[in-house]
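# structure of the sequence below:
(4 chains)
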Number of protein chains: 2
Amino acid sequence: MNISSMEKQLKALADANRLILLSCLKNKEVCVCDLVDVLNISQPAVSQHLKKLKDAGIIKERKVGTWKHYSIVENLSPVAQQVVDELDVLTKCDCGGESCSI
Amino acid sequence: MNISSMEKQLKALADANRLILLSCLKNKEVCVCDLVDVLNISQPAVSQHLKKLKDAGIIKERKVGTWKHYSIVENLSPVAQQVVDELDVLTKCDCGGESCSI
DNA sequence: AGTAAATATAAGCATTTGCTTATTTACTTT
DNA sequence: AAAGTAAATAAGCAAATGCTTATATTTACT
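Take a look at the predicted model:
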């Protein structure tokens, strides 16, 4: 990987809120509404974080009606994979509530 | 590793100039004067980048007279190690010139 | 068609970042 | 001691970042 695409991925990863989002997404698909509940920031802020992760090729989205389900891409770069591996799974955002039915 | 120390390391790594510095330091010790020649930025700017990498626990310094030699720490965190592994060695900054004798 | 819900985008603002030039510190050499 | 060199620190500034509120877009439901 060249320096500039590595920089882009690292910039996307170098934020506590985005790392928490990735902890939520580790091993599962989660919809935006549930991710919003995890962080104490507004819905647009979460949306902007997700966009940054998506633009860096770290997560992908799947549209399901009005909802959007995000998940970590399959073939992550070695660096991004290592970051995700180091994160603890955050079960706080497991689905099951009435708000969202994955 | 917890989220906040991981964030600090990633922030230190998420910059093209600092990645280039790490490419120079890969496998060897280099003095500041030679690192300054590699990047097209001022000496103080390089010094600030090195400080950020040092504060994140990624590089260390060794004082030799008036010079300071920097190198990558031995027991790098898994994430930082993966980043360094992905970088190509930059031979441009190999010592040998008259300015610095490591 | 009209309303509601989920998400994205736009605009604005405070903080952080990365650079610059100027200065300071520490060491070496004469 | 005085002068020179290597590196760090200080101060200041433009650009980038992360948040906010407001608005737009898309889909679902009645």
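# could you point out which element follows the lengthiest helix in chain A?
Using DSSP state H to define each element, chain A has its longest helix at helix A:43-55. Downstream of helix A:43-55, the next assigned helix or strand under DSSP states H and E is strand A:59-64.
# circling back to that earlier point, quick one: mean pLDDT over the longest helix of chain A.
Throughout helix A:43-55, pLDDT has a mean value of 98.
# now swap in stretch A:71-84 and tell me
Mean pLDDT, stretch A:71-84: 97.
# just stretch A:61-68 next, same as before
So the average pLDDT for stretch A:61-68 ends up being 95.
# and it, what's buried?
Buried residues in stretch A:61-68, counted by 16 or more other C-beta atoms under 10 Å in any protein chain shown: A:61, A:67. For glycine as for every other residue, the C-beta is placed from the backbone atoms N, C-alpha and C.
# hmm, back to that, any residues touching the longest helix of chain A, and which ones?
A:8, A:12, A:15, A:17-18, A:21-22, A:32, A:35-36, A:39, A:59-61, A:70 (C-beta atoms under 8 Å, 6 or more residues apart in numbering or on different chains).
# ok, residue A:43 to residue A:72 distance?
Note on residue A:43: its distance to residue A:72, by C-beta to C-beta, to the nearest Å, is 21 Å.
# kindly report the same for residue A:36.
Distance, residue A:36 to residue A:72, by C-beta to C-beta: 18 Å.
# likewise residue A:52?
For residue A:52 relative to residue A:72 (C-beta to C-beta), the value is 14 Å.
# thinking again about what came up before, so between residue A:43 and residue A:72, which is more surrounded?
Using other C-beta atoms under 10 Å in any protein chain shown, the more surrounded residue of residue A:43 and residue A:72 is residue A:72, with 18 against 12.
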